[in-house]
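> Quick one, fold the following:
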Amino acid sequence: MVVAIADGEYDKEQLRILRNAFKAFDHDGVGCIEHADVSSILEILGQKLEPPAVKALIKEVDKGTTGKLDFSQFCKLAARFIEVEEDVGALQNELKEAFRVYDKEGKGYLTVATLRGILHELDDKLSNQDLDMIIEEIDADGSGTVDFDEFMQVMTG
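Numbering: from 1, shown residues only. Below is the predicted model of the structure:
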């Protein structure tokens, strides 16, 4: 499904990602984010840009002088950085294979210590506190283990 928002078309998954990123920085819930937040949001989306590049992107979509972007302006700016996996089945198969690699004994689960190691391998900039928060969210029942569905949730956001 493709949704049109102010001169742009975004699929449902792109729109979900964009909306979540926008909401995280729309602290007052007024429908606008500060120009100063754009760099942080793009970094969360996997794009570390130099300040002049961020300013140029903002200037492309915001002709005003408010220092803020509304959601449609934000979408125009950020959508080009969002890659949505088209083949969900292929992604799930890849993740199943990765899960099997780490579930060496075939028990059907990973320990949170193993998951911590995987997450650290994927992003060595995650602090211990970040890792604790992610694991606490995924292992909500405190079992100390993560099954495939929970693993899939972690890996696909």
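> okay, CA-based contacts and neighbour counts for the rest of this
Noted.
> what about the strands in this protein?
Taking DSSP state E, the strands of the chain run over residues 2-5, 8-11, 32-34, 68-70, 109-111, 145-147.
> Flag every buried residue along stretch 100-109.
100, 103, 109 (16 or more other CA atoms under 10 Å).
> And stretch 68-84, by the same measure?
By neighbour count on 16+ other CA under 10 Å, the buried set for stretch 68-84 is 68-79, 82.
> okay, who's weakest in those residues by pLDDT?
Lowest-confidence member of the buried residues of stretch 68-84: residue 82, scoring 74 (pLDDT).
> about what we covered before: and of the buried residues of stretch 68-84, the nearest to residue 155?
Nearest to residue 155 out of the buried residues of stretch 68-84 is residue 82 (CA to CA; 16.0 Å).
> give the contact list for that closest one.
Shown in contact with residue 82 (CA atoms under 8 Å, 6 or more residues apart in numbering): 14, 17, 45.
> what about the first one, how many residues close to it?
By the criterion of other CA atoms under 10 Å, residue 14 has 22 neighbours.
> looking at it, it is touching residue 81, isn't it?
No: if you go by CA atoms under 8 Å, residue 14 and residue 81 don't touch, sitting 9.8 Å apart.
> Next up, the contacts around the residue nearest to residue 73 when sequence neighbours are not counted.
Nearest non-adjacent residue to residue 73, counting by CA to CA, 6 or more residues apart in numbering: residue 61, 5.6 Å away. Shown in contact with residue 61 (CA under 8 Å, 6+ apart): 73-74, 76-77.
> As a markdown table, the residues you listed with distance to residue 27 would be great.
A markdown table is the format used below for those (distance: CA to CA, whole Å):
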| residue | distance to residue 27 |
| --- | --- |
| 73 | 17 |
| 74 | 15 |
| 76 | 20 |
| 77 | 19 |
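> Let's see which of these end up in helices.
If you go by DSSP state H, the contacts of residue 61 have 73-74, 76-77 in helices.
> Show me which of those is closest to residue 137.
residue 74 (28.3 Å).
> Next one: that closest one relative to residue 40, how far apart?
Separation of residue 74 from residue 40 (CA to CA, to the nearest Å): 13 Å.
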